[in-house]
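**Q** coords please:
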Amino acid sequence: MIQILDSTLREGEQTPGVYFDSHIKMAIADLLDKIGVDFIEAGHPAVNEEIEHSVKQLSQMNLNATIGAHSRSLKKDIDQALNCNIGFLGVFYCVSNNRLNDVFKSSIDNAIENITNIIEYAKEQNPNLIIRYTPEDTVRSDFENVLKVSAAAINAGADIISIADTTGYMIPGTKQNMYDYVSNFKIKLEKIGLKPKIAVHCHNDRGFALTNAIDGYRAGANIIDASVLGLGERAGIVDLAQLLVTIKADFNLNNNWNLKLLPDLYSLVSRFANVSIPFNFPIIGKNAFTHCAGIHTHAAMINPLHYQSLNPDIIGRKTEVCLDHMSGFSSVKYAIKQLGINADKDLIKRVLDEVKLVGRKGRIVDQDELKYIVKLCEQRIVVEV
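**A** Next comes the predicted model:
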């Protein structure tokens with residue numbers, strides 16, 4: 001069973017210009033909980049007092065999801081996070097040789113000492129705390145460094161190791177792919193008797209975040225990070241809806257996710273993040289289940305799956321027909337029928353001609369406008385008679 005960590009309230013707020021007020025964060029968390037995510041990463045309390053206050057508020061909501069905080073490998077950050085009564089703590093520290101030499105002016109042994117001390121300290125304060133350690137930029141770091149520090153973190157009390165593709169570096173089907181990385185990492189840890197949960201955190205810089213996450217899942221990852229609309233640094237991370245629907249529809253997991261709440265969640269986040277949902281966005285976008293070309297709509301009216309690989313009912317949506325310059329007889333006939341109007345072939349053909357004229361102007365005919373076009377064509381038929 002895969003677990004989902006939603007990071008809309010942490011990684012999502014790292015999107016330039018995105019900020020959620022506390023009451024909106026509570027509303028988002030409530031919907032995420034009702035959908036059924038396992039972890040809600042609520043923020044990094046050390047960033048500012050408002051985020052710290054919001055993390056505290058979310059921790060007091062008595063949700064089924066575990067509320068988590070993000071933290072640097074610093075005691076003062078840990079203390080602030082623990083003061084929020086969280087159930088999950090994510091600690092990160094980069095162990096690539098380049099970063100250790102250029103940024104931290106430290107060695108891998110010093111890094112390990114810092115990380116293990118912090119994890120031991122956090123676990124002492126709250127033995128029930130779930131701790132995730134993330135070697136930031138995992139997949140571009142020296143593998144032996146990652147393995148060595150991860151083993152030390154686990155022995156110090158870390159429950160989860162997160163494999164972070166911090167820069168969207170991984171490409172499926174190449175030597176730098178997430179499936180092989182996760183598989184190899186798990187095997188190496190198991191050989192020394194360690195079996196932590198493995199998480200994957202995939203950025204979308206090259207457009208492969210979802211594919212890499214699925215590769216990680218197939219290789220045995222236990223937790224996948226995602227966010228609403230894929231919000232996050234630069235090109236963002238895995239989109240939550242695409243991830244949940246893909247796993248539900250194609251891997252047939254027996255879970256209790258309420259996917260029909262996804263449109264409400266996306267509407268809420270889009271509004272208050274001031275980020276529009278692209279019309280062609282998979283699963284949630286306005287056109288995701290809308291058919292346009294005449295050949296498509298004719299077949300889709302018989303069986304939507306002729307031109308859809310997903311049943312829109314999975315998220316509480318319906319197959320729709322678009323009327324514009326690409327429309328055919330079947331789509332206009334269907335749309336007129338939806339208005340409750342009985343139309344013969346002659347009327348349908350006339351309406352189709354008008355719809356195409358409007359469509360050539362770059363517009364789509366909605367149901368309200370269609371009523372006016374039908375009336376116009378009916379009047380013309382009367383005049384001609």
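**Q** ok, and the helix or strand in the protein with the lowest average confidence?
**A** Sorted by mean pLDDT, DSSP states H and E, the helices and strands of the chain end with helix 294-302, the least confident at a mean of 59.
**Q** so who does Asp366 touch?
**A** By CB atoms under 8 Å, 6 or more residues apart in numbering, the contact set of Asp366 is Leu323. C-beta coordinates here come from the backbone N, C-alpha and C atoms, glycine included.
**Q** from Ser73, how far off is it?
**A** Look at Asp366 and Ser73: by CB to CB, to the nearest Å, they are 54 Å apart.
**Q** and if you look at Asn145?
**A** Taking CB to CB as the measure, Asn145 and Ser73 are separated by 15 Å.
**Q** same question for Ile131.
**A** 11 Å.
**Q** joint contacts of these two?
**A** Common contacts of Ile131 and Ser73, defined by CB under 8 Å, 6+ apart, comprise Val91.
**Q** between these two, which one's more packed in?
**A** Each of Ile131 and Ser73 had its neighbours counted (other CB atoms under 10 Å), and the higher figure belongs to Ile131 (25 against 20).
**Q** residue contacts, Ala164?
**A** Listed by CB under 8 Å, 6+ apart, the contact set of Ala164 reads 92, 134-139, 200-201.
**Q** sort those by pLDDT and name the bottom one.
**A** By predicted confidence (pLDDT), the lowest-ranked of the contacts of Ala164 is Glu136, with 91.
**Q** my read is that that residue contacts Tyr93, right?
**A** Yes - proximity of Glu136 to Tyr93 meets the contact threshold set by CB atoms under 8 Å, at 6.6 Å.
**Q** these two: which has the busier surroundings?
**A** In this comparison of Glu136 against Tyr93, neighbours counted by other CB under 10 Å, the higher total goes to Tyr93 at 22 against 17.
**Q** nearest residue to that one other than its sequence neighbours?
**A** Using CB to CB, 6 or more residues apart in numbering and skipping the chain neighbours, the partner closest in space to Tyr93 is Ser73 (4.3 Å).
**Q** from Asp38, how far out is that neighbour?
**A** Distance from Ser73 to Asp38, by CB to CB: 24 Å.
**Q** for Glu233, same thing?
**A** In this view, Glu233 and Asp38 are 23 Å apart by CB to CB.
**Q** those two: who's more crowded?
**A** When Glu233 is set against Asp38 and neighbours are counted by other CB under 10 Å, the residue ahead is Asp38, at 20 against 17.
**Q** just list the residues touching the more buried one, thanks.
**A** Contacts of Asp38 (CB under 8 Å, 6+ apart): 3-5, 65-66, 223.
**Q** still on that earlier bit, OK, contacts around the residue nearest to Tyr93?
**A** For Ser73, the residues meeting the contact criterion (CB under 8 Å, 6+ apart) are 91-93, 114-115, 118.
**Q** among these, which are located in helices?
**A** 114-115, 118 (DSSP state H).
**Q** among these, which one has the most neighbours?
**A** Ile118 (25 neighbours).
**Q** what's the closest non-adjacent residue to that one?
**A** Counting by CB to CB, 6+ apart, the nearest residue to Ile118 once its immediate chain neighbours are dropped is Ser73, at 4.8 Å.
**Q** for Thr319, state which of the contacts of Ser73 is nearest.
**A** When those are compared for distance to Thr319, the smallest value, 43.4 Å, is given by Phe92; criterion: CB to CB.
**Q** please report the distance of that closest one from Leu74.
**A** Per CB to CB, Phe92 is found 11 Å from Leu74.
**Q** swap in Ile284?
**A** Using CB to CB, one obtains 38 Å as the distance from Ile284 to Leu74.
**Q** more neighbours: these two, which one.
**A** Residue environment comparison for Ile284 versus Leu74 gives the larger neighbour count to Ile284, 23 against 14, counting by other CB under 10 Å.
**Q** can you pull the phi/psi pair for that one?
**A** Backbone geometry at Ile284, expressed as degrees, to the nearest 10, gives phi -100, psi -30.
**Q** got the contact list for it?
**A** Counting by CB under 8 Å, 6+ apart, Ile284 touches 241, 262-263, 266, 277, 315.
**Q** check Cys202 too.
**A** Counted by CB under 8 Å, 6+ apart, Cys202 has contacts 165, 168, 170, 178, 208-210, 212-213, 216, 224-225, 237-238.
**Q** just the ones in strands from those residues, please.
**A** The subset of the contacts of Cys202 located in strands under the criterion DSSP state E comprises 165, 224-225.
**Q** by neighbour count, which of those residues wins?
**A** Neighbours here are counted as other CB under 10 Å. On that basis the top member of these is Asp225, with 29 neighbours.
**Q** re earlier: can you tell me which of the contacts of Ser73 is nearest Asn311?
**A** Nearest to Asn311 among the contacts of Ser73: Phe92, at 39.1 Å, using CB to CB.
**Q** burial count for that closest one?
**A** Using other CB under 10 Å, the number of residues around Phe92 comes to 21.
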